[in-house]
Structures are given as structure tokens and as C-alpha cells.
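Asker: fold the following.
(one chain, ligands or ions: 2)
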Amino acid sequence: MRSDTGHIFRLENYRPSDYLIRKTELNFTLEPSETVVEAKLAIERRSTADMHAPLILDGDELTLKKLKINGQPATDFEVTPDLLTIRNLPQDDNFTLEIVTAINPTTNRQLMGLYRSSNIYTTQCEAEGFRRITYFLDRPDILSVYTVRLEACKQAAPVLLSNGNLVSSGDLENGRHFALWHDPHPKPSYLFALVAGSLGVISDQFTTCSGKQVALNIYVEHGNENRAAYAMDALKRAMHWDEDVYGREYDLDVFNIVAVSDFNMGAMENKGLNIFNDKYVLADPQTATDSDYAGIEAVIAHEYFHNWTGNRITCRDWFQLCLKEGLTVYRDHEFSSDMRSRAVQRIDEVKTLKAQQFPEDAGPLAHPVRPREYREINNFYTATVYEKGSELIRMLRIILGDDLFYKGLDLYFTRHDGLAATIEDFIKVFEDVSGRSLAQFSRWYDQAGTPLVTAYSDYNAATKTLRLTLEQKTEPTPGQSHKQPMHIPIKFALIGADGKDMALTGQNNADLQEDVLHLHEASQSWTLHNITEKPVLSLLRGFSAPVLLNQPSDDEEQFFLARHDSDAFGRWQAITRLLSRTIIENAGLMHRQQPLSIPPVLAQLLAELVQDETLDHAFQALCLSLPDEADIAREIGSNIDPDLIHASRKALSAAIADANAALFARIYDALQDDQPFTPDAAGAGKRALKSALLGYLAFSDAAPDRVYNQFATANNMTDKLAALTILVHHFAAHEKAVAALAQFEHDYRSVPLVMDKWFAVQARRPAADTLETVQQLMQHPLFSLDNPNRCRALLGNFSSGNPAGFNRADGKSYAFFSALIVQIDKHNPQLAARLLTSLRSWKTLEPIRRAHIKSALDMISRTENLSTDVRDITERMLA
Ligand code: B3K
Ligand code: ZN
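Answerer: Numbers count the residues shown, from 1 in each chain. Ligands and ions are numbered 1, 2, ... in the order given. Now for the predicted structure:
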């Protein structure tokens, strides 16, 4: 492993490279334990560079076999596994460099660079994996045209793929064969990919808007071919959508996707050759849940959309990561909204943002959407860069309006096509098309932390005016003690007693569009005229800005919004607020050993919602699901006792279940059907509602049998897994739960992605002895610390999906978990560092647990030879 240098990379130190690599020819002689890589690079010295500037190429664990300059063996160079420095280069500004390296794909357990997974050679180069293949200027502003020749044993690797279009292929002596690929689009090294092995394939075609035929292939492990149809369908829909909505056409003859089982993240957008984690390709009704289907649709689209936002226009440096990621997440969110229910999609997005990004922004790992410094770039593929990055694009669209937003993007695509760009370039296109300054808006990229917006309103019946005041405040974050006011667009409406939005025309205020308040100052007021009755305020509609909203308002107003807000998001927000308040209040009462107080109107509200036939099932399911324990913990913010939150939340579920037992049972029964499974949004909504109801029915006497019945009779994985989860989480020791777990294991032993669900369900059981269960499951023959999906299923779900079970007051889970992080770090630092971020909110826990976590982090910190990845996260968490 590359050793930790402790070096900190800073945006302000960016400078262009002295040399460019115009062409890259690679020849791979693929062998499991020694693959030889011959690189021939057409180098150009920049006109601004010093003639004597050395050429310093990045490497990582490389063995140099040969080095030639203009065909002659090089003499003046220094080489280590991590660096190749060449001096006294030819006077001519253009010369060729030939580099031969040898690498071992089989022992590469980091899953970066070239590695073998289930006998398939595959690569992952983003962010800095290409330097594990050959010495190179491994930085995103070095764009090169690649020609790649692959050679391997034909029997072991009948499929040979790389980026671009296939030029030629054929047989060689000794049972070997080759393929030659050429990618005409200059690209950074992080988008290089190759795949070689024995794979099954499903194929299709796409005709682009200008009539070009594109061959589409999805390669999978043999036997999985019949589980790739949904991914193919999603790909074609994504290709159409990008043409329709953004005018973006695909630009090669072929688009290949390969699904592999050992992959550090979800997928990778390599030019013309996307490589995916199995999880985001393989699906059929028997093995995939509705959320798996939605995930496949979103990730297939996301990687495809990168072809323009990321590949054709890439990032100048890694500080600009959000340039491609935030924008592409925004695009995949919009795609999913168009494919499914927009309101439900938006609520899901906000739930994810709040669950993943808000805690990051509120804790020791907080960083701006565009960080200014990093020690290990892999640690910055975060919810802040991705999800908050996407929210910034959404705000930009609200601020500019649709027309200027699309005009700006068109300009971005023409002005920067084929280049490596920055956030400043991106902002500039919108300033140019609108003639407006976006200087204040740009602060969103540089200032970390979630702004808290407090709203006050004052209605004057005599003057028929409403005075609205909004204040914003952002708490200090690491390295940023002073925060400046941001431009925050707050969508809003005033709702009259009849439950309808009031008309808001002619308000004559520059910072008030029809339905948006533009907050620029630390505190700002608006006076609205001709308001004929005291309205109820619906604020932050559609979650128009990634802020925390503090709106002093009584429960009555929240109930009103829960019933009448015409914005579905606003409605859900009001319901969630009411449910959270109740759980928090009762946690306090429990702590003081006082009787609980659960207003019956809450159960009544949910009963009304579930009977309202104008609402779609998915939305009803969202309203019925109580806020997660982690959501509640975030609302409380400090001195958290996860046991109290768990108990209080459960008490509220029980009370709602009790009050609505007959109604919920009736609706649940009415939702049963024997229609064949379809993965569309309507079917998914129905299943979500059914399982939300079943969750409440778990509190009734007949529960285990009823839940087991859904488990046993389900014709799809969504229903089956929902039932299994309820059985295991509510009735762990009950014979039905034990039987269901055993049956599930028996039925799906040979399907790793489904076994991940089996591991996850057990890891998420909210009980003190889940630690022992997890320890036992680590001995399961199908568990492996080498496989990221298995680790995330068992250890990720335990540490970040089970607040009550993981946070045992005796601290034993923390000790166990931290020891494992150290162990995983030895072979897969990225995975270890990512898992470790589960502890990012540790400072919000009550003092006893906090002290235990501190010791666990101290133990990691004292460990020698930690990777840069884990050292960086540990030190920032302890700072
Ligand atoms: N760009 C990749 C992520 C690479 C992560 C490297 N540590 C997938 C994506 O965002 O589409
Ligand atoms: Zn991406």
C-alpha cells in the first residue's frame, strides 16, 4: 500500500502541469499474477514550461521494467514504486515515452487499479487508480486519446473490453487472442477501463436522435443474463431522456456495461465502458426489492448521464468533484421524478439528504461542497459533494427559472465540451445567460454547514398585511469559524381557512417572486399586502433549499398543513414534524419516568390519510412511516440516549397501531392481490403501503402468524423481505422468526445479493445482543471481509442502520467495530474509511457512550501503518 505522506493538497496550490499527454497507447498482456503493461505516451511540453522541467509521473506500488525516450533507453531518471522522475528530456517540445510496468491483479485486494474479481479482470481508476497500472500524469486535467490493445488466454478471457470503439480483434498463437480499442474522445486517466474474462451478455440497440445506431451490451457473470433486462430498459429510457430534456446524444458506436461482484462503490462511468457493482444491475422479482429496482434505474441513469456531465466535460482537479457529481445526481433525480411520482421522489431525496448529509455537515467531517483541501481524495466522495451538490443545482434552477437554467446548461455544454472545467466556469455560464451576478449564490460551494432559517410571521387584520421575517444562521464548522449569509430561495404559500393557496400577485418586492422568498441577508423582512385573512404559512415547499427550518408554530397549524397543504412535500413535512415532536417529548417523559403523552389526534390524522383515496399509496406509506431513530437523534442534537429514542418511537408506533388496529387490518387485507409483480411505481407504492400497515399490525396478538403468512406467500422479494424484517425485529426468538430466517437462508444461499439482505436484516435488529449475532454471522461461510457488499451488509448496517443495537452503553460494539476497521484497512483502505464514517456523529451522544467511542477512535489512531484513508477520517473525527 502507498504509505501515508501526511501531505495536504490545497486548491490554492493548483497549477497546470508542465507536460501534456496527447496520445496514450497501452498494450496489456493479461496474466493473473503478472500482467505486463506497455505504455507509449505522446508527450508535449507546454509552451509556458521551462525547458529543463522534469517530468514527474505518479505511480502506486508499480514495478518499472523498461523506460525509453524517443525509442532510446532512458538514463536520467529516478524511480520508486510511487514516483517516476525523468530529467534532461529532449529539447524538442514533443517526444515519446515508453514505459513497461508489471502488476499483479490477483493480489490487488484494494479494488483500485487493475484487479481480478471472480476470475474477471476489471479496473477502477477514479480517483487515483490509474497510477496503479502505469506511471502517468494521473490528474483529471490531462486529457489524452487512448488506444488500448488487450491480449489474454482466449479460454480464460473470451471477452476483452476497453473504452471507445472496437477496431480489430483476432486469434494469436498458443490459445491467446487480442482486441484493439480506440476511444476518439480525449479523456482523463480516471475514465480509463478494461474488462477481460468469461462473461455472459445481453444485447440491444439504441437509435439516437440523429439516427446513429448504438450497440448496447450488458455483461454479467454467466447465469445472471436473465436478471439484466431491467437495467437494459433503464439504460434505454435514460438515453432517450437525456436527448429529450438536455439535448445530449450518445457519441460512440457502442455502450458497454459490466457488472462485477467485488466493487468498492455503486458504479463507475468509464467512457463507453461503465463498470457496475452487481447490486445496481441484477434484478428479478424473486431477488430484488422495489428499492433495488429504483436504485438500478437511478444508478444506470447516473452513470450514463456522466457521459456529458463528467466525461465530455470533466473536472480540472479533484476539488471540483461536485462539478460532475452534484450536477449528475441532480440529473438522475430529475430522471427518476419523470419516471415515477415526483412528490414521492422528492420526499425520498430529502430523507436521504437529511439522513446522510445533514449529520456530515453538523459533525467533525463537515466540509464545503467544493472542499479547499484534502489529504485523501477518496474520502470526499461524500453526501455533501453528491447530495448537497445536487441541491445547489436545484436552487440555481429555482433562482434563475427553467428557461435561463437550460440556456445556461446549453452554453456550458458548448463552451466547455472536451475540456476540464471548474465551478467558476460553471457559474459563469449562468451569469452570462442571465446577466446577473451569482457571487452570493457561489458561497454555497465554499461554505460548509447547514444554515438554520428561522421564520416569524405577524398578521395585522386592520391593515390586511402580513409581515414575514426570515433569519439565517450557520454554525461554525471545522476550519470555518465565521459564516456569511447565503442566498436562500424559500418557496412558500399562504393558505387560507378554506385550505386553498391564496393568490399572491402584485406584491412589489424584488426579493419576492410569486412563490419564492429570496433570503439574502442575515435577517430580512417582507410585508405582504391585501391579505384578507390570517393565513397558515407553508414554508420551504418542495424543500427548495438545503436548510434546517425553525418555524415556531403550534401543533394546530401543523395539523392544518398536514391536511391541506397542496404541496405534497409540505404535507409530509408537517406530518413528520408532528410525529417527531411527539417522539422527542415522550423520550423526555420516559427519561423523567413520567407517564407518556400521545395525543389521540395523531393516530386519527394517520387514519384519515390512509383512507384518503386521492393520495397515492407510496405517499400514504411515507406518511405512515415514523421518522427513523437517527432522524430523531438529529433533531435532539446533543446528549443523545439511543435507547430512549428507540423506546419512545416504539411507544408511539404501538399507540397508533392500537388506535387503528381494525382499520389498518382492513386496508391491509384489501391491498392483497394476486397480480403478477411489476416493478413500476404504482405497484411499488402499493407494496410499500401494505408493509407499512403490516408494521403496525405487528403490535396485535395475531401478529407473528399474519406476518409469517406474508413471508411465506409473497410472490416477490419486496413483500418477503418486509415480512422477514418485521418478524426478526419484533419477534426475534419466536419460532416463526427463526423458521423464516432459516427458510430464507436455505432458499437464497446461492444468490449473494439476497444473502446481503439476510445479513442486513439481522444486523439491524434493535437489541443489545445484536453484537453477538453479528459476530456469529462473520463466521458464516458466505461472509467475507474481502467483499465490500458483504461488509456493508453486515457491518455497515450494524454501525449505521441500527442506532439502538449498535450503541450499547457498555461500548462493546465500538471496540469490536474499531478493531475490524483496523483489520479491513490492511487490505481495503477505502472500504475501511467509508465504514468508519458511521461514527461521524459520535460527539452528539451522551457522555458514557461518547467516552467509549473516543477510546475506540484513539485505539485506531495509535495503530501503526494506517492507510491515509483511515488516518484522515480518524484524525478529523478526533479533532
Ligand atoms: N464517479 C464514481 C465514483 C468514484 C469513487 C472513487 N472513490 C461513481 C459515480 O459517482 O458515478
Ligand atoms: Zn457520479
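
Asker: what is the subsequent helix or strand relative to whatever helix or strand residue 830 lives in?
Answerer: Element membership of residue 830 [criterion: DSSP states H and E] is helix 829-836. For helix 829-836, the following helix or strand on the C-terminal side (DSSP H and E) is helix 847-862.

Asker: buried residues in the longest helix seen in the chain?
Answerer: Across the chain, the longest stretch assigned as helix under DSSP state H is helix 568-591. In terms of neighbour count (16 or more other C-beta atoms under 10 Å), helix 568-591 has its buried residues at 568-580, 582-584, 586-587, 589-590. C-beta: built from backbone N, CA, C; applies to glycine.

Asker: and the strands in the stretch 51-200 of the chain, which stretches?
Answerer: For the stretch 51-200 of the chain, the strands defined by DSSP state E, counting those that start in this stretch cover 55-58, 63-69, 72-73, 77-80, 83-86, 94-103, 113-117, 120-124, 144-153, 159-162, 165-171, 176-187, 194-197, 200-207.

Asker: reformat these as a markdown table; add mean pLDDT, distance to residue 818 and mean neighbour count.
Answerer: Formatted as a markdown table, the strands of the stretch 51-200 of the chain follow (pLDDT from 0 to 100; distance: least, C-beta to C-beta, whole Å; neighbours: other C-beta atoms under 10 Å):
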| stretch | mean pLDDT | distance to residue 818 | mean neighbour count |
| --- | --- | --- | --- |
| strand 55-58 | 98 | 32 | 21 |
| strand 63-69 | 98 | 34 | 15 |
| strand 72-73 | 98 | 50 | 9 |
| strand 77-80 | 98 | 32 | 14 |
| strand 83-86 | 98 | 33 | 19 |
| strand 94-103 | 98 | 32 | 19 |
| strand 113-117 | 96 | 27 | 22 |
| strand 120-124 | 98 | 26 | 25 |
| strand 144-153 | 99 | 41 | 21 |
| strand 159-162 | 99 | 40 | 25 |
| strand 165-171 | 98 | 48 | 12 |
| strand 176-187 | 99 | 40 | 19 |
| strand 194-197 | 99 | 36 | 25 |
| strand 200-207 | 98 | 41 | 14 |
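
Asker: hmm, back to that, which strands or helices does the helix holding residue 830 pack on?
Answerer: Judged by 3 or more C-beta pairs under 8 Å, 6 or more residues apart in numbering; DSSP states H and E, helix 829-836 is in contact with helix 788-791, helix 812-825, helix 868-878.

Asker: between it and helix 847-862, how many degrees?
Answerer: If you take axes from the mean of the first three to the mean of the last three C-alpha atoms, to 10 degrees, helix 829-836 sits at 170 degrees to helix 847-862.

Asker: quick check: residues of the stretch 351-500 of the chain near ligand 1?
Answerer: For the stretch 351-500 of the chain, the contact set with ligand 1 under C-beta under 6 Å from any ligand atom comprises 378, 381.

Asker: domain map for the protein?
Answerer: 9-198, 314-446, 452-549 (automatic domain parsing).

Asker: compute the first-to-last residue distance for the shortest one.
Answerer: End-to-end span of domain 452-549 (C-alpha to C-alpha, to the nearest Å): 6 Å.

Asker: now swap in the first one and tell me
Answerer: Terminal residues of domain 9-198 lie 41 Å apart, using C-alpha to C-alpha.

Asker: can you verify my assumption that residue 726 contacts residue 695?
Answerer: Yes. Assessed by C-beta atoms under 8 Å, residue 726 is found in contact with residue 695 at 5.9 Å.

Asker: comparing the two, which residue is more hemmed in?
Answerer: Ranked by neighbour count (other C-beta atoms under 10 Å), residue 726 and residue 695 place residue 726 first, with 26 against 22.

Asker: show me the contacts for the more buried one.
Answerer: By C-beta atoms under 8 Å, 6 or more residues apart in numbering, the residues touching residue 726 are 691, 694-695, 698, 707.

Asker: show residues contacting the worst-scoring helix or strand of the chain on mean pLDDT.
Answerer: Taking mean pLDDT, DSSP states H and E as the measure, the helix or strand of the chain with the lowest value is strand 512-513, at a mean of 82. Outside of strand 512-513, the residues within contact range by C-beta under 8 Å, 6+ apart are 518, 526, 528.
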